[in-house]
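Novice: Here's my sequence, what's the structure:
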Amino acid sequence: MVRIRLARRGRKKLAIYDIIVANSRSPRDGRFIEKLGMYNPNTVPATMVFDEDKALKWLLDGAQPTPTVKAMLSYKGILYKKHLQIGVIKKAITQESADEKFALWKAQKDAKLTTRVTNLADAKVAARNARLEAEAKVNEARAEALRKKNEPKVAPVVVEETPATETSAE
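Specialist: Alright, predicted model coming up:
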């Protein structure tokens, strides 16, 4: 059975994976039929670069993806494209209609991804500004405490009021 799966490479605790097509009996990092691309889970969002046409060809030829690769193919829309292509093969829809549906889905997916990336960047800036404001408040409190500590301690002058003498005309 032919599988589309990941082959590990990279250094310890910073793995990068190759997306490969291999016989299911061959070892994880062993012999493979074809390399489709690369997956880097260390970035946010994770980086997936692979040849979508080759992946679709292998899926249509019967290669079975592992669960992780299946999730990646679904994320990139390859499984949806396969679904549409099977509809074209069965003459349920036309190729133009399938291409339109996939282009619409791809545009929506790209918009969501762009929104997510900008939201992450905005959240990062907002968190930085919040940290700076909190640090400024702490610095002000410390400066105020230091100012109070270093003030000269002057004993308050108490002025006693003497009762006014009454001058009486006697």
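
Novice: Quick one: mean pLDDT for the lengthiest helix in the chain?
Specialist: As assigned by DSSP state H, the longest helix anywhere in the chain is helix 95-150. Summarised as a single mean, pLDDT over helix 95-150 is 91.

Novice: try stretch 26-34
Specialist: On average, stretch 26-34 scores 87.

Novice: Tell me which residues are up against it.
Specialist: Stretch 26-34 has contacts (C-beta atoms under 8 Å, 6 or more residues apart in numbering) with 2, 5-9, 20-23, 54, 58. All C-beta spots, glycine's among them, are computed from the backbone N, C-alpha and C.

Novice: quick one: which of the residues you listed is nearest to residue 71?
Specialist: residue 6 (11.2 Å; C-beta to C-beta).

Novice: my read is that closest one is in a strand, agree?
Specialist: Yes. Assessed with DSSP: H, G, I helix; E, B strand; the rest coil, residue 6 lies in a strand.

Novice: Residue 39 bridge partners, please.
Specialist: residue 17, residue 48 (DSSP bridges).

Novice: mind giving me the domain ranges of the chain?
Specialist: Domain ranges of the chain: 2-93, 95-147, per automatic domain parsing.

Novice: Tell me which of those domains approaches residue 163 most closely.
Specialist: Closest approach to residue 163 among the domains of the chain is made by domain 95-147 (40.5 Å; C-beta to C-beta).

Novice: roughly how far is that closest one from the heart of the chain?
Specialist: 10 Å (C-alpha atoms, centre = their mean, to the nearest Å).

Novice: try stretch 79-97
Specialist: The mean C-alpha position of stretch 79-97 is separated from the chain mean by 32 Å, C-alpha atoms, centre = their mean.

Novice: End to end on that stretch, go ahead and measure it.
Specialist: Distance between the two ends of stretch 79-97: 17 Å, counting by C-alpha to C-alpha, to the nearest Å.

Novice: Any buried residues in that stretch, and which?
Specialist: Within stretch 79-97, the residues that count as buried by 16 or more other C-beta atoms under 10 Å are 79-81, 84-85, 87.

Novice: got it, and stretch 48-60?
Specialist: 48, 50, 54-56, 58-59.

Novice: Identify, from the residues you listed, the entry nearest to residue 71.
Specialist: residue 48 (10.2 Å).

Novice: got the contact list for the closest one?
Specialist: Taking C-beta under 8 Å, 6+ apart, one finds 19, 37-40, 72, 75-76 in contact with residue 48.

Novice: and with 10 Å instead?
Specialist: 17, 19, 37-41, 69, 72-73, 75-76 (C-beta atoms under 10 Å, 6 or more residues apart in numbering).
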